Every structure is written in C-alpha cells, then in structure tokens.
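> Structure, please.
(chains A, B, C and D)
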Protein chains: 4
Amino acid sequence: MFIYPSIYRKLRRGPQVILPKDIGIIIAYSGIDKNSVCVDAGTGSGWLAVSLARICKQVYSYDVREDFLKIAQHNKEVLGLDNLVLKQADVFKKIDEKEVDLVTLDLPNAERALKNVKKALKHNGCVVSYLPNIEQVSKYVAALEKKGFVDAYTVEVIVRDMLVRKEGTRPSTKGIWHTGYITFARLP
Amino acid sequence: MFIYPSIYRKLRRGPQVILPKDIGIIIAYSGIDKNSVCVDAGTGSGWLAVSLARICKQVYSYDVREDFLKIAQHNKEVLGLDNLVLKQADVFKKIDEKEVDLVTLDLPNAERALKNVKKALKHNGCVVSYLPNIEQVSKYVAALEKKGFVDAYTVEVIVRDMLVRKEGTRPSTKGIWHTGYITFARLP
Amino acid sequence: MFIYPSIYRKLRRGPQVILPKDIGIIIAYSGIDKNSVCVDAGTGSGWLAVSLARICKQVYSYDVREDFLKIAQHNKEVLGLDNLVLKQADVFKKIDEKEVDLVTLDLPNAERALKNVKKALKHNGCVVSYLPNIEQVSKYVAALEKKGFVDAYTVEVIVRDMLVRKEGTRPSTKGIWHTGYITFARLP
Amino acid sequence: MFIYPSIYRKLRRGPQVILPKDIGIIIAYSGIDKNSVCVDAGTGSGWLAVSLARICKQVYSYDVREDFLKIAQHNKEVLGLDNLVLKQADVFKKIDEKEVDLVTLDLPNAERALKNVKKALKHNGCVVSYLPNIEQVSKYVAALEKKGFVDAYTVEVIVRDMLVRKEGTRPSTKGIWHTGYITFARLP
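The predicted structure follows:
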C-alpha cells in the first residue's frame, strides 16, 4: 500500500530511481536550501534531479546515456523546472561547475568521480553517494578519506507504512527493506 | 555515532524536537517546494519551522508558549531566515492564513486543529501530523476521514547508521528506534 | 528469497501460521526446555504446536475447529510426534491441564482465556500471546495486569535476510515487515 | 527496558554473549530438537551452549580459553545441565564428535573450521555461524560454497520492544540495532 507523494506520480520511470524516502534524507542531511547549487550524476530517470531542482536555486545533472536524459527531460517539463540543466557528459572525466553546495553520485564506482567532485565543491560542500551494496560503500568510504573528505556518515533509510484501520492498527505485512546505502561527506 | 546534519548543530534545543530524519520525509512526501507557503504548529524549538523556511517561500509557525518561541526566535536568527513568522497563538482557535500548501501539526490532540486546517489549506493541500503513540494516530486518522481529508498515509521513519571501518562494516549496535508516527493527508 | 527451515517445508499449511521467526523467540524468551509441559491454543495449522512438541516433554493443543485439527494431525504424523495431544475444545471454557510451564495464545480476544490460563499455569509459568493489531495487544496487556500476571513484555520480531553474493552484499529488497506482536508475561 | 528471559538472568556474563533473540532463531531455523547432538565453538560465556543443552540430547562446547570455560562451567552448574560437555580444545585443529546434527560457530575466521565441521556433521546436518561484520560473512559464505555446503542463508534478527501503557502504545525510543549476522547452511 505504498503511496508515492503526488508529485512523483506524474513522473516517468525508466532506469531504477532513487525513492522519495531516500530523496528526503538526502535533502535534510545535506542541508541544502533554496540558495543551493547542486550537481547530480547520473541523471537516470531524473527523480533526484527534479526533486533537488524543486527546492534549490540551480541543478546540473549529468548522464552519459541519451535515452535516460530523454526520460529526465520529460520529467523536467512535466514539473516546469527552468533551473535544471541536463547534460550529456561524464563526471568521471569532468565537472564544469565550481563552488557548488552539493554533489550527488548515483553511479557504480562513485569513488572515481571524487577527484572532480573535490574541484567542483565549495568549502564545506557536501558529497552524497547512493550505492546498493556494502562492498561498494566500503570502497567509496576508503576513497573519501584518501581524497581528504571528512565526516563520512553512511545510513540506510527504512520507511515503514502503518495500516491504521477501524479493525485494528499494525505495520503493513510486507514492504521495501532495502534500496541503497547513502553516504554523506564534507569537503573541509 | 549519530551525526546531525551541520545546520542542526547550530540550533538551540528546548522542548523535544522533530529530528532531521522525520523532517526529510515530511519535505519529500508532502511535495513542498520553493513556491510553497506553510503553516506549522506547535513551534516548539522551531527545528521543523526553520527547516521548512530554508526551503519554502513563507512559513508561519504557531505556539502558545512564549518560552518556546524565544528558542525558535534564536534559531531563526542563527540561520538568518526572513520568511519565517513566529506567532504566539493557538491553531485550535484560529489559523489566519489561507490557501497554504502545507500545515504541519506537532501537537497532542492534533485532530482538534483539523477544522481550522481545512479552512487554511488550498485545494490539494497537505496536512501532516507527528504523533508519538499509536492510539493518537488512530484517533487522528478517524478524524481526518470525518473532516473530508483523503489519502491518509501513516509511516514511521527509521534511519540506521552503518559503521564503515577498515576492521569491518556493520550497522551500529544501538540506535533510535522510534520518534513519532507521521501521517500525511490531502484536502481534495 | 526466504528459506523456511527444512522441517517446516514438510508441513501442511491451512489457516495463517506462526512463522519460525516468531516460534524461535517464543521458545527462547519463554525459557522452555525438554522438561516443559505446554498448552497451545488455537492449534490452527499446528506449526507452533509441533515446534513446541519437538522440544518439550508434552504439548496439549486446543482448537474448536475440526478442519484445522485435521491439518495439525497431518503435521504431527509427518514429524512422528507422540507427545502432542490435539484436543477439539475451547480454552475460553476450560483448560484441563494443571501445573503447566507455558500457555501460548494465538487467538483473537486472547484475554478471555486468561482466567483459565491462570488455573493451568504453575508458579512462575509463562503465558505468551500472538496478536496482529496494536489495539488487541493494548487490551490484552491491561487484562494481564488485572488478572495478576507480571513482567508483561511485548515485542515484534523482524528477521531480515541478506543477499551475500559475489557481485555484492546487501539486505534483500523486499521482505516481511510484520506478522504479529508477541507478549510474554509470568504468573508470580 | 529490555527484559532478559528469566533463565538468562541467572547466568554469569564474561566475554560478549549471543543474545536470546539470536539463540531463538538459531534453534528455530536449524530445526534441532530433543534428539539432537550439537557441537558449539567457541564457548565464550556459554549462553548458547547452555541454551542448546536445555533443549537437545547432548552438547559439546569447545573453547581454547580456560577463563571462558570457567564462566561457562558456572552457568552449566547453575542450570544443572548434565548433557553439556565443556572442552578446552580448538575446533580449527579437530572436532572429536561425528554424526552431529548442528555445529555452531561463534568465532572470528569461522571458515577455518569448515573442514572439521564437514567431518563432524551428519548428512543434512546444519552449520550456523555468528559474525558481526559483513566482510566476515562474505568470506565465510564463499568458503561454505567451496567446501560443498548448500542452502547458505544469512539473516539478522531485530527484536523491537513495545511500550504498552495506559498513556499510549509505541515502540521503545532506543534499542539494540545489531549484534551479529547469522548464517545457516546444510551439508548435502
């Protein structure tokens, strides 16, 4: 009985998306606000990118795949977001923006982007990775330290829905147990 | 080893606060953005109020207690938020604003505010309650239906932190199991 | 990818069963051993009854429904258990046994059996209820206190399975979130 | 407000113990009964060993450390268990018993015992490991496959206690999030 927040019901869904439960924690824990500038990679279906663009001043979202960017372009238009720039480019090679507040990495081998992330982030800026497997997290966290990032902090987010009914209240029988581990870190 | 997002570390904490994990889900599931106008009650330490004000266009936060409003005023100033209005007033009696996008209720007997919430919300506007006990949720959800709200959806949010270390990776031994149940509903 | 312990794979399944995860906690927390005598009601498919009989000296299992007792009889025979007595009778009316170590109640309105449970249990004996909804638990716990039981302790058991694979390790995506709340109490 | 099952309250606690929540799942998922013969290593404080001995026909528990065996000896005597043999010996070197139903491994580098476990277990016998870190589990599961064990299945057990009170019902605020991962496997 999972109910997507209504804005997500309008969106198209191609490749695996980051769910609203994880998007909420990325927003709250990274501390972004309406003055923030964000870089997002890879775009995928663009759910995270549009969610950030609804809140922040400017978002740049990178993906190497044209087919994914088309889905994200559709979602951007559905929500009428002028402050989201979709770019067909590879963050492993280059990030054009400087002095950004947040970089989000929903990519395998996210640690390969850290060199460019470091150049893009402002002082105290935040980098967030979203990785499904523990081994990936472990490798990524080791790379964070090596590159000079601090305050690495990994969480998983479980949103458990309750059945609140006249006949009785209880958690729902089945649910989503795991999507990905989210790791936050800061550039000192 | 719980690490508060850095913006919360600057804030003063008086009465029980809504934690960032719950704030994140309230933001993501209510679907608010930088054009939203919100009403928040009760203010308490103002953590939710300032978090909403960092993202939304305008936030009005109500509390009957002057001592709480002083803490919230401090927190508002620390973050330099001009778009947060703190009001010493009782939402059970009156909500001045109209056509708002979101009303958040962190109050015992939250259902008593629903009559005024209904007048304050715009079409498709969202009301969110935060209640610690199941019996409160059950009573509140029954009142939601009676007052004509739809899509009632109750969740609890569990953020589990992971120890990612050279000597091995595992969830942390102890943690926060429960804060409050969050119920979302919509005015049709 | 939930794998039932192999003994359960041999069993027939009629009405809703108590799952091995909950059976394990009932065994460990009630502290029964091979000298224990148990009363179980209602039998249902008999999964809990046979699990107790595999470990304890003697088990008496009550159900009012003949069709359920036939399924349980089948399961008893599959496992060759001589120390399990299946009884078509109603624990709300009478429990024949005295000085038992454990009574398990997997029944709606379990509190109605407490008067008879009290007569059946030995000093320090344990009563365990299994109830799906919170309102039922709340009512049952109030009745426990009223009837003079002590150390009431309610839990829910979550067994989360992990995918441990060459390509990466993570919790499985979906799983069972909730079956029933288990309440332990003791006769002083 | 965690309440230990009463039998555990009598026990002495030296090195880190396996908690009743995990013991219950080991019992239920391994499928042992009063006819089972078990080997347990390392003994530690002997909580798992005595719990198995209370249920099974015979238990042999191995530890290399004399100080741990003394604590376990105390716990064995408190519970009056004649069917528990404590042995100062190393399962990495040798397991004396043959045709056993269950071997439990609460040891770092548990995979080093698998060669001897294989010789000790009967056909369809079960081996269970208890390991705190994911990297250990991953290594252990790879070794299980290599040694010819089947049906490897890893879980973590979360027992969440509920506050059921007149003033309201809710999960307790804080609790134990993680102890160890339990892996079951079978010798075909």
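> Run a quick check on A:N116 versus A:A89, I expect a contact.
No: no contact is recorded between A:N116 and A:A89 when judged using C-beta atoms under 8 Å, the distance being 10.9 Å. Placement of C-beta: from N, CA and C, glycine included.
> which non-adjacent residue is nearest the residue sitting furthest away from the middle of chain A?
Farthest-out residue of chain A from its mean C-alpha position, per C-alpha atoms, centre = their mean: A:E167, at 38.6 Å. Distances taken as C-beta to C-beta, 6 or more residues apart in numbering or on different chains place C:N133 nearest to A:E167, at 7.5 Å, with adjacent residues excluded.
> any idea of the pLDDT on the one you found?
Predicted confidence (pLDDT) for C:N133: 97.
> Let me know how buried A:E77 is, in neighbour terms.
Applying other C-beta atoms under 10 Å in any protein chain shown, we find 10 residues neighbouring A:E77.
> Let me know the average pLDDT across the helix or strand containing it.
Using DSSP states H and E, A:E77 falls within helix A:66-78. When the per-residue pLDDT values of helix A:66-78 are averaged, the result is 97.
> My read is that A:W47 contacts A:V17, right?
Yes: counting by C-beta under 8 Å, A:W47 sits close enough to A:V17 to count as a contact (4.3 Å).
> Pull up the overlap in contacts between these two.
Among the neighbours of A:W47, none is also in contact with A:V17 (C-beta atoms under 8 Å, 6 or more residues apart in numbering or on different chains).
> Spit out the contact partners of A:E99.
Contacts of A:E99 were listed using C-beta under 8 Å, 6+ apart, and they are A:37, A:120-122.
> out of the residues you listed, which are buried?
Buried members of the contacts of A:E99, counted by 16 or more other C-beta atoms under 10 Å in any protein chain shown: A:37, A:120-121.
> Can you tell me the closest non-neighbouring residue to A:R186?
By the measure of C-beta to C-beta, 6+ apart, the closest residue to A:R186 outside its immediate chain neighbours is A:D151, 4.7 Å from it.
> Can you report how many residues neighbour the one you found?
When neighbours are counted by other C-beta under 10 Å, A:D151 registers 13.
> Validate this expectation: it resides in a strand.
Yes: the assignment for A:D151 by DSSP: H, G, I helix; E, B strand; the rest coil puts it in a strand.
> Confirm for me that it is in contact with A:L187.
No: the pair formed by A:D151 and A:L187 falls short of the contact definition of C-beta under 8 Å, at 9.8 Å.
> So which residues of chain A form helices?
A:6-9, A:20-30, A:47-55, A:66-78, A:114-120, A:134-146 (DSSP state H).
> and of those helices, who's closest to chain D?
Within the helices of chain A, the stretch nearest chain D is helix A:134-146; the backing value is 4.9 Å (C-beta to the nearest C-beta).
> Which residues of chain A lie near chain D?
Listed as neighbours of chain D in chain A under the rule C-beta under 8 Å from any C-beta of the partner chain: A:134-135, A:138.
> Among the residues you listed, name the buried ones.
Neighbour counting with 16+ other C-beta under 10 Å marks A:134-135, A:138 as buried within the residues of chain A next to chain D.
> follow-up on the earlier one: the helix holding A:E77 near chain B anywhere?
No: using C-beta under 8 Å from any C-beta, we find that helix A:66-78 stays clear of chain B, coming within 13.3 Å at best.
> distance between that helix and the chain's centre?
Relative to the mean C-alpha coordinate of its chain, helix A:66-78 is positioned 16 Å out (C-alpha atoms, centre = their mean, to the nearest Å).
> Show residues contacting that helix.
A:10-15, A:42-47, A:49-50, A:53, A:61, A:63, A:84, A:86, A:88.
> from the buried ones among the residues of chain A next to chain D, which are also near chain B?
With C-beta under 8 Å from any C-beta as the criterion, those include A:134, A:138 near chain B.
> nearest to B:T173, of the buried ones among the residues of chain A next to chain D?
For these, the minimum distance to B:T173 (C-beta to C-beta) is 16.9 Å, reached by A:I134.
> I figured that closest one hits A:H178, correct?
No: contact status for A:I134 versus A:H178: not in contact, 10.4 Å apart, counting by C-beta under 8 Å.
> any shared contact partners between those two?
With C-beta under 8 Å, 6+ apart, A:I134 and A:H178 have common neighbours C:R170.
> what residues does stretch A:14-22 touch?
Contacts made with stretch A:14-22 from outside it, assessed by C-beta under 8 Å, 6+ apart, are listed as A:4-5, A:8, A:26, A:44-45, A:47-48, A:51, A:67-68, A:71, A:106, A:130, A:157-159, A:176, A:179-180, A:182, B:25, B:28-29, B:157.
> And for stretch A:145-154?
When contacts are taken as C-beta under 8 Å, 6+ apart, the neighbours of stretch A:145-154 outside the stretch itself are A:29, A:114-115, A:118, A:127, A:137, A:141, A:144, A:181-188, B:3, B:161-162, B:164.
> tell me how far the ends of it are from each other?
13 Å (C-alpha to C-alpha, to the nearest Å).
> if you average pLDDT over that stretch, what comes out?
Stretch A:145-154 comes out with an average pLDDT of 96.
> for stretch A:27-45, same thing?
Looking at stretch A:27-45 alone, the average pLDDT works out to 97.
> Just the CA coordinates for it, please, in CSV.
The C-alpha atoms that make up stretch A:27-45 are tabulated as CSV, following Å, rounded to 0.1, in the frame of the first residue of the first chain:
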residue,chain,number,x,y,z
ILE,A,27,17.7,16.9,1.3
ALA,A,28,17.5,17.0,5.1
TYR,A,29,21.0,15.7,5.9
SER,A,30,22.9,17.6,3.2
GLY,A,31,21.3,20.8,4.5
ILE,A,32,20.6,22.3,1.1
ASP,A,33,18.2,25.2,0.8
LYS,A,34,16.7,27.5,-1.9
ASN,A,35,20.1,29.2,-2.4
SER,A,36,22.0,26.0,-3.1
VAL,A,37,23.6,25.0,-6.4
CYS,A,38,23.8,21.2,-7.0
VAL,A,39,25.5,18.8,-9.4
ASP,A,40,23.8,15.4,-9.8
ALA,A,41,25.2,12.3,-11.6
GLY,A,42,24.0,10.1,-13.1
THR,A,43,20.7,11.5,-14.1
GLY,A,44,18.9,8.2,-14.7
SER,A,45,15.1,8.9,-14.7
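> Name the residues of that stretch that are buried.
A:27-34, A:36-45.
> what number of residues lie near A:E145?
Summarising burial for A:E145: neighbours were counted as other C-beta under 10 Å, giving 12.
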